[in-house]
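Trainee: Structure for the following, please:
(one chain, ligands or ions: 1)
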Amino acid sequence: MPPSGSPADHWSATPPLASGVGIALLDRLAAQVVTAHERRTFPVLAPFTGARLGSLPACDAGDVALACATARGAQRDWVATPVTARCAVLLRFHDLLLARREQALDLIQLESGKARRHALEEIVDTTLVARYYGLHAPRLLRPRRHAAGLPLITRAVEVRHPVGVVGVVAPWNFPLILGITDVLAALAAGNAVVLRPDEQSSFTALWAVSLLRDAGLPAGVLRVVTGEGPVLGPALVEGVDFMMFTGSTRTGRTVATQAAARLIGCSLELGGKNPMIVLEDADVDRATEGLVRGAFAGAGQVCVSIERVYVPRAVFESFARRLVERVAAMRVSPALAYDVDMGSMTVPRQLEAVEAHVADALAKGATLLTGGRRRPDLGPLFYEPTVLTDVTPAMRVFAEETFGPVVTLYPYDDVEQAIALANDTPYGLNASVWSRSARRAMAVARRIRAGTVNVNEAYAATWTATDAPIGGMKQSGMGRRHGAEGILKYTEAQTIAVQRLMPLAPPPLLPEALYATWLPRLVGLMRRVPGLR
Ligand code: NAD
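Mentor: As a prediction, the model looks like this:
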């Protein structure tokens with residue numbers, strides 16, 4: 001029996017939850033998917049219970065082509081809409097999302113299995129992104145004057161055009177954030193979007209799409225196709241002008257190769273094996289608290305989750321003891337309530353991947369400090385928050401991304417060693433440094449090759465700094481989301497230069513030889529004139 005108060009109680013019954021999430025809503029959401037004709041469907045299962053949430057159309061390449069064609073048609077009017085009017089849609093979406101958040105929270109929990117407090121992070125981040133681009137896109141997209149080769153006689157202006165139709169492929173771990181925030185930036189820039197959310201997270205994405213429609217987004221500007229990634233992804237690359245992909249490094253490489261063959265741009269947000277360095281002067285209580293949030297939010301299925309922790313040898317024992325106490329006290333449950341520290345894993349294959357990493361590590365001599373077991377008494381995909389030590393390079397969990405609630409602890413002798421260990425990875429997504437001295441921590445942070453480094457926080461500080469770009473170095477990605485980069489990537493720069501007074505050629509009556517002597521002198525002189533350099 002699932003614990004009382006679990007969604008299974010509600011879900012097996014037809015009446016909707018108090019928020020309105022029920023069969024009728026899910027069917028209405030499914031009706032938004034683009035299909036050329038009647039399609040077979042696939043079921044979406046609720047991770048908490050394994051029960052069927054609803055069904056969605058299994059689109060094919062023809063549906064993607066149709067979605068791209070209709071989006072392309074709608075984009076012509078959308079790009080002609082003033083940027084302030086486009087941004088007004090984002091700001092209304094922001095307000096509607098806050099007003100209807102209970103429905104979104106229920107849906108996110110039912111579809112992903114995450115705890116409510118982690119679902120709330122999705123609401124907050126999506127709201128921040130909608131507000132940021134809603135308020136700042138007009139400034140970021142504004143034409144910019146540039147210094148010209150010969151001042152006064154040439155005036156150069158950079159104009160930003162939307163690329164046209166953007167394809168977005170989103171994974172299942174952040175149904176709302178990854179389902180819609182990249183879409184918001186692309187729309188604000190004047191593009192149409194064809195979105196293919198993961199099979200496991202499509203209902204939340206469709207919910208956000210319907211909210212955008214309620215906020216005034218014209219029909220056709222944002223189309224959704226649902227179904228298998230390997231089927232729809234390649235068709236999407238064929239039909240769009242830019243690809244935004246979030247997922248594993250392996251699939252990202254495939255998408256990038258296909259995009260390269262078409263000479264279209266792509267932005268890739270990929271995997272990580274994110275380190276945390278605890279410096280000697282760190283507050284151990286705060287660091288362990290931060291680690292619990294950073295390693296076990298979303299049951300560790302967060303691209304920026306902390307999976308490796310480097311602790312000074314002198315405090316290693318006490319740090320490990322404190323962490324184990326804290327983890328043992330965690331409340332793990334499928335309840336749709338805020339007093340839960342961790343929910344379920346989301347898909348069976350990820351649970352199996354986590355079990356395989358832990359089994360491999362234990363077979364090769366790792367020490368299990370806590371966790372390491374499935375919890376079928378809570379639901380089919382629950383796995384305990386797990387802490388390992390004595391992990392060696394021979395074990396898969398040492399260098400491969402686990403993407404689950406498993407954290408590995410390593411002692412270090414000096415900070416140089418800790419920095420070298422943190423950087424000893426093909427990934428470079430996120431990192432975390434803990435110290436009582438922000439200056440010391442910043443100095444260490446600058447030496448870590450990762451797209452984001454959080455000081456005295458695991459990942460939320462950089463993620464919520466919406467004006468600053470986030471993304472991966474090395475094998476963790478290409479391109480950035482958030483900030484100016486997060487919207488300009490959906491545009492193409494066009495430079496328009498106006499020539500005035502005289503051409504960039506010898507003036508009439510001036511002998512060519514004299515011009516050839518004076519022009520380099522003039523150019524050389526410009527280096528010395530302040531304001532022209
Ligand atoms: P995955 O690469 O297997 O799948 C990601 C998505 O791509 C899925 O929806 C899948 O159906 C789809 N897909 C599969 N083949 C495709 C193809 N040929 N073309 C286009 N799409 C295709 O990854 P996963 O295991 O489902 O997701 C977890 C991974 O995503 C982890 O590595 C995690 O770190 C990464 N991730 C990264 C970020 C980030 O922002 N950097 C965020 C979330 C997840």
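
Trainee: What count of nearby residues applies to residue 88?
Mentor: 15 (other CB atoms under 10 Å). Bear in mind the C-beta positions are built from the backbone N, C-alpha and C, glycine included.

Trainee: Spell out which residues of the stretch 351-500 of the chain are next to the ligand.
Mentor: Where the stretch 351-500 of the chain comes near the ligand, counting by CB under 6 Å from any ligand atom, the residues are 401, 403, 429, 472, 477.

Trainee: Kindly indicate which of the residues you listed lies nearest residue 511.
Mentor: residue 477 (56.1 Å; CB to CB).

Trainee: Quickly check: the biggest helix by length in the chain near the ligand or not.
Mentor: The longest helix of the chain (DSSP state H) is helix 116-141. No - Helix 116-141 lies out of reach of the ligand by CB under 6 Å from any ligand atom, never closer than 11.6 Å.

Trainee: list the buried ones in that helix?
Mentor: Judged by neighbour count (16 or more other CB atoms under 10 Å), helix 116-141 contains these buried residues: 116-134, 136-137, 140-141.

Trainee: What of stretch 259-274?
Mentor: Buried, per 16+ other CB under 10 Å, within stretch 259-274: 259, 264-274.

Trainee: May I have the distance across it, first residue to last?
Mentor: This stretch, stretch 259-274, spans 28 Å end to end (CA to CA, to the nearest Å).

Trainee: Mean confidence (pLDDT) on that stretch, please.
Mentor: The predicted model assigns stretch 259-274 a mean pLDDT of 98.

Trainee: For the protein, give me the ranges with low pLDDT.
Mentor: 1-15, 533 (pLDDT under 70).

Trainee: So for it, the centremost residue is which one?
Mentor: residue 178 (5.3 Å; CA atoms, centre = their mean).

Trainee: how about that residue, what does it touch?
Mentor: By CB atoms under 8 Å, 6 or more residues apart in numbering, the contact list for residue 178 reads 170-171, 201, 246.

Trainee: Quick check: residues of the stretch 51-200 of the chain near the ligand?
Mentor: 169, 171, 173, 178, 198.

Trainee: quick one: the fourth one and residue 126, what's the gap?
Mentor: Here the distance between residue 178 and residue 126 works out to 10 Å (CB to CB, to the nearest Å).

Trainee: where exactly do the helices run in the stretch 251-400 of the chain?
Mentor: Residue ranges of the helices in the stretch 251-400 of the chain, as given by DSSP state H, counting those that start in this stretch, are 284-296, 313-328, 348-363, 396-399.

Trainee: so what secondary structure elements neighbour the shortest one?
Mentor: On a contact count with 3 or more CB pairs under 8 Å, 6 or more residues apart in numbering; DSSP states H and E, helix 396-399 meets helix 348-363, strand 406-412.

Trainee: what's the angle from the helix or strand just after the shortest one to strand 406-412?
Mentor: On the C-terminal side of strand 406-412, the closest following helix or strand by DSSP states H and E is helix 415-423. Between helix 415-423 and strand 406-412, the angle comes out at 150 degrees (axes from the mean of the first three to the mean of the last three CA atoms, to 10 degrees).

Trainee: List the strands paired with the next helix or strand after helix 415-423, with their directions.
Mentor: Later in the chain than helix 415-423, the nearest helix or strand by DSSP H and E is strand 427-428. Strand 427-428 has its sheet partners listed here by DSSP bridges as strand 473-474 (antiparallel).

Trainee: Identify all contacting residues around the partner strand.
Mentor: By CB under 8 Å, 6+ apart, strand 473-474 touches 425-429, 449-451.

Trainee: same thing with stretch 488-505?
Mentor: The contact list for stretch 488-505 (CB under 8 Å, 6+ apart) reads 140-141, 146, 148-150, 152-163, 166, 185-186, 189-191, 242, 265, 267, 479-480.

Trainee: and the end-to-end length of it?
Mentor: 34 Å.

Trainee: Surely residue 124 and residue 464 touch.
Mentor: Yes - contact criterion CB atoms under 8 Å: residue 124 and residue 464 qualify, at 7.3 Å.

Trainee: what separates residue 74 from the ligand, distance-wise?
Mentor: As judged by CB to the nearest ligand atom, to the nearest Å, residue 74 and the ligand stand 23 Å apart.

Trainee: how about that residue, what does it touch?
Mentor: Counted by CB under 8 Å, 6+ apart, residue 74 has contacts 192, 218-221.

Trainee: element containing it?
Mentor: Using DSSP H and E, the element containing residue 74 is helix 61-80.

Trainee: Next secondary structure after that helix?
Mentor: Assigned by DSSP H and E, the successor of helix 61-80 is helix 83-99.

Trainee: Can you name the element that comes right after that following helix?
Mentor: Trace forward from helix 83-99 with DSSP H and E and the next one is helix 101-112.

Trainee: Output that next one as PDB, restricted to C-alpha atoms.
Mentor: The C-alpha coordinates for helix 101-112 follow below in PDB (Å, rounded to 0.1, in the frame of the first residue of the first chain):
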ATOM      1  CA  ARG A 101       1.300  27.700  -9.400                       C
ATOM      2  CA  GLU A 102      -0.600  25.000  -7.400                       C
ATOM      3  CA  GLN A 103      -1.700  23.300 -10.500                       C
ATOM      4  CA  ALA A 104       1.800  23.400 -12.000                       C
ATOM      5  CA  LEU A 105       3.300  22.100  -8.700                       C
ATOM      6  CA  ASP A 106       0.900  19.100  -8.700                       C
ATOM      7  CA  LEU A 107       1.600  18.400 -12.300                       C
ATOM      8  CA  ILE A 108       5.400  18.600 -11.900                       C
ATOM      9  CA  GLN A 109       5.300  16.300  -8.900                       C
ATOM     10  CA  LEU A 110       3.100  13.800 -10.600                       C
ATOM     11  CA  GLU A 111       5.100  13.700 -13.800                       C
ATOM     12  CA  SER A 112       8.700  13.900 -12.300                       C
END
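
Trainee: count of residues packed around the residue of the stretch 51-200 of the chain found nearest the ligand?
Mentor: As assessed by CB to the nearest ligand atom, the ligand sits closest to residue 198 within the stretch 51-200 of the chain, at 3.5 Å. Counted with other CB under 10 Å, residues neighbouring residue 198 total 23.

Trainee: Any chance of the backbone angles for it?
Mentor: phi -60, psi 150 (degrees, to the nearest 10).

Trainee: the strands in the stretch 201-350 of the chain, which residues?
Mentor: In the stretch 201-350 of the chain, the strands defined using DSSP state E, counting those that start in this stretch lie at 222-224, 242-246, 265-269, 274-278, 306-312.

Trainee: so what's residue 236 closest to, chain neighbours aside?
Mentor: residue 167 (4.0 Å; CB to CB, 6 or more residues apart in numbering).

Trainee: any idea which element the one you found lies in?
Mentor: strand 165-170.

Trainee: after that strand comes which helix or strand?
Mentor: helix 177-188.
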